[in-house]
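S.K.: Pasting the sequence and the predicted coordinates here, then a few questions.
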Amino acid sequence: MTDTPSTITYRSSGVGPVYQKTDIWLPLLIAEAMRRGENMIVGKTFIDCRLEGPAVIIPVSGCQFDACDMGYSSGDPRNLLLAPAGPDKVTGAIAFKDCTFTRCNFFAVGFTGAPEFLQNFAATVGVTPA
């Protein structure tokens, strides 16, 4: 008997600009954007979506999170935050600019960004950043 590998097929989420009540695999979303010559996700609206990783996102500017579940944090929301080690850039993170997230659920997603973003995120979820 030979085992055959299982195949998981992720369907494209499309180009937006509005995504509603859909599951979005973030690595596929950015891969498709990059194939179009885009290096970040810009000007999109996500409503009642599940955004799945594994991924780290960096809201570079103009992003709004309204009534979102930011994800499982093992009891400490700071576990969702990653502080950049370098002063100017984060390689490998998925950048979002001028995007709105309303009632979205994040799964296996970490967040990084400027110190102000990290502080605001921590304050929003009710903790003091370390």
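M.R.: Ah, there it is.
S.K.: which stretch of helix or strand covers the residue nearest the centre of the chain?
M.R.: The residue lying closest to the centre of the chain (Cα atoms, centre = their mean) is I57, at 4.2 Å. Of the helices and strands defined by DSSP states H and E, I57 is found in strand 50-61.
S.K.: Which residues are in contact with the residue nearest to the centre of the chain?
M.R.: Contacts for I57 (Cβ atoms under 8 Å, 6 or more residues apart in numbering) come out as L26, A93, I94, A95, F96, V109, G110, F111, T112. C-beta: built from backbone N, CA, C; applies to glycine.
S.K.: got the CA coordinates for the strand holding I57 in PDB?
M.R.: Backbone C-alpha positions of strand 50-61 (Å, rounded to 0.1, in the frame of the first residue of the first chain) are rendered in PDB as follows:
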ATOM      1  CA  ARG A  50     -10.900  35.100   8.600                       C
ATOM      2  CA  LEU A  51      -7.300  36.000   7.800                       C
ATOM      3  CA  GLU A  52      -5.100  33.000   8.200                       C
ATOM      4  CA  GLY A  53      -1.400  32.600   8.600                       C
ATOM      5  CA  PRO A  54       1.200  31.600   9.400                       C
ATOM      6  CA  ALA A  55       2.000  35.200   8.800                       C
ATOM      7  CA  VAL A  56       3.300  38.400  10.300                       C
ATOM      8  CA  ILE A  57       1.600  41.500   9.100                       C
ATOM      9  CA  ILE A  58       2.900  45.100   9.300                       C
ATOM     10  CA  PRO A  59       0.300  47.900   9.000                       C
ATOM     11  CA  VAL A  60       2.600  50.500   7.600                       C
ATOM     12  CA  SER A  61       0.000  53.400   7.600                       C
END
